[in-house]
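Q: Got a predicted structure plus its sequence, pasted below:
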There are 2 protein chains.
Amino acid sequence: MKNITLPTLIVDEDKCRRNIRIMATKAQNNNIIFRPHFKTHQSHAIGRWFREAGVTKITVSSLSMAQYFAQDQWEDILVAFPVNVREIHTINELASRIKLSILLADGDVMPALNKGLNQPVDFYIKIDIGTHRTGIDCADNDQITALLRETSKNRLLTFRGFVAHAGHTYQTQSLNDVNRIFVKGCELLAEVKTAFLSQYPDIIASWGDTPTCSLMEEFPLVDEIRPGNFVFYDLMQYHLGSCDWDQISVVVATPVVARHKSRNEIVLYGGAVHLSKDLLQIPNKGVVYGEVVLFTEKGWERFENPVFVERISQEHGIVHCPDEYWELFEPGRLVGVVPVHSCLSADLLRSFCDTEGMPLI
Amino acid sequence: MKNITLPTLIVDEDKCRRNIRIMATKAQNNNIIFRPHFKTHQSHAIGRWFREAGVTKITVSSLSMAQYFAQDQWEDILVAFPVNVREIHTINELASRIKLSILLADGDVMPALNKGLNQPVDFYIKIDIGTHRTGIDCADNDQITALLRETSKNRLLTFRGFVAHAGHTYQTQSLNDVNRIFVKGCELLAEVKTAFLSQYPDIIASWGDTPTCSLMEEFPLVDEIRPGNFVFYDLMQYHLGSCDWDQISVVVATPVVARHKSRNEIVLYGGAVHLSKDLLQIPNKGVVYGEVVLFTEKGWERFENPVFVERISQEHGIVHCPDEYWELFEPGRLVGVVPVHSCLSADLLRSFCDTEGMPLI
């Protein structure tokens, strides 16, 4: 990695492809659609690894990402974010050349859609199964019925199903909690689907989030899964229990820039503009912004006594370093930081290198 | 702002230029150098407003930013981040065409600098006056002496002075606390300078941070100030008391994408990849990620009862909205969010528009 001079996202291709393969196989075993969320990597190169694993349908979280992936021959894209009617021109442009699906979470967008839409577009209804981020309450069939009454008047819109995201699994403490959210959430999603199935016999129930898709083996009530983060995992997912350490497939390579022995601290060139300010509360430790690892010939390895990025500012990452590891951190050396939230680090750093430091294109 | 479809950083040029003018005048009145930190805006256009206010020396936090501003005729640039010796080629390249200053915070970089440097470079020593981010402890004259002994052997290196940053002002609760940090910090910085003045008669003491530079009027013990955030200010600075509300010169324009009446919540297209995950604890309110404002003909205005972004994920910002304002948030409308930390929002969004929605180039 001699050519790496700046904070850089390093991807272990073997681990990454293995994560993709495991999830693709799981979907296949359950006979459900695998529509992975590409907001995590936002990369043509990594997208192709999914294609090689048989993936043809993808999820993104913005129309800009949809445009980016459409450039690389992805032709069936769901934008899993409440439709932004200010981007109606982008919607029309994209829908004229790919199979574009949008998300409706509020009937009040209909006047603008009716006015602006001039291409056929598929849509899903976002329902809230307890995360309370966005979506129509899953118990509110009246609101869903009213929305479908409106959409049915617009021949350009085709209803494809219901989408749920169990984001509240990120606040859980145990596998039991994840399991409970999964069972209950899938039931709620399936109930909504069932209520509208006679009227729309082809609709599906689509399920998201990395913790449940990683930890559950059977998906009897849903027709599609849309996990995203699992392609990389990260420190948060590891501590949630969604993955083993060896499944984490990215680290941020950061140059050591200074050591301060009087306070046993190392300064890394790796701050909020590289790692993000997402933090993790680790038991018996406190708040951390990433775990420090050493690069090896073929990847990276943890310290026996874990070492963390404990404070962060725009460009600086501050590491408390035990005496025993001090000599490993001479300025100029490159060390790795497993990010708390890989989606945000990838969004910040924009490009990737492999474990030999060569750019992934 | 009809042309704005995506989360976009809006700059009020009048407020911004006024912030620049006030700080430039303050430096002039104190007969000290004004070397503003450009990491906050990272913009050629805004850099030119500084040039028009008489600024010729600037600070940045990375060599990449130094390269960017060198492209726009800035010729005296301090990279106020511990020198990253892996970028020695960039240092040589830049130093061959501008007056480049680097920061030394650890003598262990000297072997790499001696080996790689082939152009004359100025340097400052970073000292720690209590922030404990980086820098040699200001009381550790032995370490400073040892470092200067090493640097004096390299004829390409010219010692220019000491740099301190009072980052711990960001954790203060009152003007008294800021004042105490300022008085004590300047004393410590001046003491270090005095100790080395007979040997290096031309060295200066350079002082940073927006809270003290905004709140203090007189700077008797320092020769230079390097504030950065003051060009925009933000919600954090406002709550610290560094600025009045009307001095905040940026907001992030965010489209409303959904409303959920059952939980009185608005969903904005404005999440962690636009606002950053930096948060602020507001008394009697809790954690917030930004304050929501309405655009007016000439700028923006607050709600009488403040409205906040209370939760955030990659693309979503969730706002709890009182009944009285509900009708103002129809999907498709653009509302503003005053970011918690404008430096990070500017880094994320990369470009700016003026209050009429026209790109600043």
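A: Yes, it's here.
Q: Centre of the chain to the helix or strand hosting residue A:239, how far?
A: Under DSSP states H and E, the secondary-structure element containing residue A:239 is helix A:235-240. For helix A:235-240, the separation from the chain centroid amounts to 13 Å (computed by CA atoms, centre = their mean, to the nearest Å).
Q: Touching that helix from outside, list them.
A: In this structure, residues lying in contact with helix A:235-240 by CB atoms under 8 Å, 6 or more residues apart in numbering or on different chains are A:169-170, A:172, A:178, A:210-211, A:214, A:229-230, A:243-245, A:248, A:278, A:280, A:282, A:288, A:290-291, A:338-341. No exception for glycine: its C-beta is placed from N, CA and C like everyone else's.
Q: near chain B, which of those residues show up?
A: Of the entries in these, those that also sit close to chain B under the rule CB under 8 Å from any CB of the partner chain are residue A:278.
Q: Among the contacts of helix A:235-240, which are located in helices?
A: Among the contacts of helix A:235-240, the members found in helices (DSSP state H) are A:178, A:210, A:211, A:214.
Q: okay, the residues you listed in CSV with pLDDT next?
A: Conversion of the ones in helices among the contacts of helix A:235-240 to CSV gives the following (pLDDT from 0 to 100):
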residue, pLDDT
A:178, 88
A:210, 95
A:211, 94
A:214, 97
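Q: Output these in TSV; the columns should cover neighbour count.
A: Formatted as TSV, these follow (neighbours: other CB atoms under 10 Å in any protein chain shown):
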residue	neighbour count
A:178	24
A:210	30
A:211	27
A:214	23
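Q: And these, which is closest to chain B?
A: Closest to chain B out of the ones in helices among the contacts of helix A:235-240 is residue A:210 (12.6 Å), distances taken as CB to the nearest CB.
Q: still on that earlier bit, which among the ones in helices among the contacts of helix A:235-240 gets closest to residue A:234?
A: residue A:210 (9.5 Å; CB to CB).
Q: can you give me the helices for the stretch 251-361 of chain A?
A: A:272-275, A:342-349 (DSSP state H, counting those that start in this stretch).
Q: Show me what the last one is packed up against.
A: Counting contacts by 3 or more CB pairs under 8 Å, 6 or more residues apart in numbering or on different chains; DSSP states H and E, the secondary-structure elements packed against helix A:342-349 are strand A:8-11, strand A:250-260, helix A:272-275, helix B:272-275.
Q: returning to that earlier point: could you dump the helices of the stretch 251-361 of chain A to JSON lines with mean pLDDT and mean neighbour count?
A: Compiled in JSON lines, the helices of the stretch 251-361 of chain A are given as follows (pLDDT from 0 to 100; neighbours: other CB atoms under 10 Å in any protein chain shown):
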{"stretch": "helix A:272-275", "mean pLDDT": "96", "mean neighbour count": "26"}
{"stretch": "helix A:342-349", "mean pLDDT": "96", "mean neighbour count": "25"}
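Q: can you put the ones you listed in JSON lines and add distance to residue A:7?
A: Putting the helices of the stretch 251-361 of chain A into JSON lines (distance: least, CB to CB, whole Å) gives the following:
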{"stretch": "helix A:272-275", "distance to residue A:7": "4"}
{"stretch": "helix A:342-349", "distance to residue A:7": "7"}
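Q: Of those, which is nearest residue A:159?
A: Residue A:159 sits nearest to helix A:342-349 of all the helices of the stretch 251-361 of chain A, at 29.0 Å, using CB to CB.
Q: Residues contacting that closest one, please?
A: Under the contact criterion CB under 8 Å, 6+ apart, helix A:342-349 has outside partners A:7-9, A:39-43, A:228-229, A:232-234, A:250, A:252, A:273-276, A:278, A:339, A:352, B:272-273, B:277, B:314, B:348.
Q: now that helix against strand A:250-260, angle please.
A: Relative orientation of helix A:342-349 and strand A:250-260, computed by axes from the mean of the first three to the mean of the last three CA atoms, to 10 degrees: 70 degrees.
Q: Return the residues of the stretch 251-361 of chain A in contact with chain B.
A: The stretch 251-361 of chain A comes close to chain B at residues A:255, A:257-260, A:262-263, A:265, A:267, A:269, A:272-273, A:276-279, A:311, A:313-316, A:318, A:330-332, A:334, A:343-344, A:347-348, as judged by CB under 8 Å from any CB.
Q: Please pick the buried ones from these.
A: With burial judged by 16 or more other CB atoms under 10 Å in any protein chain shown, the buried subset of those is A:255, A:257-260, A:265, A:267, A:269, A:272-273, A:276-279, A:311, A:313-316, A:318, A:331-332, A:334, A:343-344, A:347-348.
Q: I'd say residue A:231 and residue A:46 touch.
A: Yes - in this structure, residue A:231 sits in contact with residue A:46. The criterion is CB atoms under 8 Å, and the distance is 6.8 Å.
Q: Need the overlap of contacts for the two.
A: Here residue A:231 and residue A:46 have residue A:16 as joint contacts, going by CB under 8 Å, 6+ apart.
Q: Comparing the two, which residue is more hemmed in?
A: For residue A:231 against residue A:46, the residue with the higher neighbour count under other CB atoms under 10 Å in any protein chain shown is residue A:231, and the figures read 29 against 22.
Q: How about the contacts made by that one?
A: Residues in contact with residue A:231, defined by CB under 8 Å, 6+ apart, are A:16, A:19, A:20, A:36, A:40, A:41, A:46, A:50, A:249.
Q: And the pLDDT at it?
A: Residue A:231 is assigned a predicted lDDT (pLDDT) of 98.
Q: and what of residue A:350?
A: Per-residue confidence (pLDDT) for residue A:350: 88.
Q: ok, and the closest non-adjacent residue to it?
A: residue A:42 (7.7 Å; CB to CB, 6 or more residues apart in numbering or on different chains).
Q: Without its sequence neighbours, what residue ends up closest to residue A:35?
A: Excluding the flanking residues, the one nearest residue A:35 by CB to CB, 6+ apart is residue A:57, at 4.3 Å.
Q: Tell me how far that neighbour lies from chain B.
A: 20 Å (CB to the nearest CB, to the nearest Å).
Q: contacting residues for that residue?
A: Residues in contact with residue A:57, defined by CB under 8 Å, 6+ apart, are A:33, A:34, A:35, A:76, A:77, A:78.
Q: Could you count how many residues lie near the fourth one?
A: For residue A:76, the tally of surrounding residues (other CB under 10 Å) stands at 14.
Q: which phi and psi does it have?
A: Its backbone dihedrals place residue A:76 at phi -140, psi 100, with angles given as degrees, to the nearest 10.
Q: same question, the first one
A: Main-chain torsions, residue A:33, degrees, to the nearest 10: phi -80, psi 140.
Q: thinking again about what came up before, and the contacts of helix A:235-240, which of them are in strands?
A: Within the contacts of helix A:235-240, residues falling in strands by DSSP state E are A:280, A:282, A:288, A:290, A:291, A:338, A:339.
Q: and the two most separated of those residues?
A: Comparing every pair within the ones in strands among the contacts of helix A:235-240 by CB to CB identifies A:282 and A:339 as the most remote, at 14.2 Å.
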